[in-house]
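Student: Based on what follows, work out the 3D shape:
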Amino acid sequence: MRIGLGEDIHRLVPNRDLFLGGVKIPFENGLLGHSDADCVLHAVMDAILGALAKGDIGVYFPPNDPAYDGADSKLLLKEVVAIMKKEGYRIGNIDVLVTAEAPKLNPYRDAIQTSIAGLLETKKENVGLQLMTNEGLDALGHGEAIAAKAIVLLEECE
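Tutor: Model (predicted):
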């Protein structure tokens, strides 16, 4: 077994779509980033790569590489899952914590969990999802950014 931790944060800006966990969320702002800036999937990827001692997503998908400009994070996660499988591991379980003052994410909980489970090729029951606010504190609490943390347990494939 291996355990990994990932974390990501992106600033909210106008004129961008908001993607969280591979789900497009209707909102007036989106996350600023080189790719689609899906901080949830970025944290998941970093957790998996960390568990494998393979670095972070910047090693595989450099933010200054034009090939990843506007990239769909779901496709990037599929590449990370392929690395995980090649190394002989599968998801035991994963827990994801998302901190956002707005939009309210509870209506999208099921869709986000289902999306992450599908992308990770695991059961939905293996995907924990915690949705929090930051109680008005700092950039997250002021609605200027959204952050995500993920912790994953990888099991060796039999």
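
Student: What sits closest to residue 30 if chain neighbours are left out?
Tutor: Leaving out its chain neighbours, the residue that sits closest to residue 30 by CB to CB, 6 or more residues apart in numbering is residue 16, at 2.8 Å. Backbone N, C-alpha and C define where each C-beta goes, glycine included.

Student: For that neighbour, which residues are in contact?
Tutor: Neighbour list for residue 16: 29-32, 37 [criterion: CB atoms under 8 Å, 6 or more residues apart in numbering].

Student: if you set the cut-off to 7 Å instead, what comes out?
Tutor: 29-32 (CB atoms under 7 Å, 6 or more residues apart in numbering).

Student: Is it part of a helix or strand, or is it coil?
Tutor: Classification of residue 16 by DSSP: H, G, I helix; E, B strand; the rest coil places it in coil.

Student: What's the separation between it and residue 37?
Tutor: Distance of residue 16 to residue 37, given as CB to CB, to the nearest Å: 7 Å.

Student: between those two, what contacts are shared?
Tutor: What both residue 16 and residue 37 touch, as defined by CB under 7 Å, 6+ apart, is the set residue 31.

Student: and the contacts of residue 16, which are buried?
Tutor: 29-31 (16 or more other CB atoms under 10 Å).

Student: can you give me the helices in this protein?
Tutor: 39-51, 57-60, 73-86, 109-120, 138-141 (DSSP state H).

Student: Which of the ones you listed sits closest to residue 24?
Tutor: Closest to residue 24 of those is helix 109-120 (CB to CB; 9.5 Å).

Student: so what does that closest one touch, helix or strand wise?
Tutor: Applying 3 or more CB pairs under 7 Å, 6 or more residues apart in numbering; DSSP states H and E, one finds that helix 109-120 contacts strand 23-25, helix 73-86, strand 89-99, strand 127-132.
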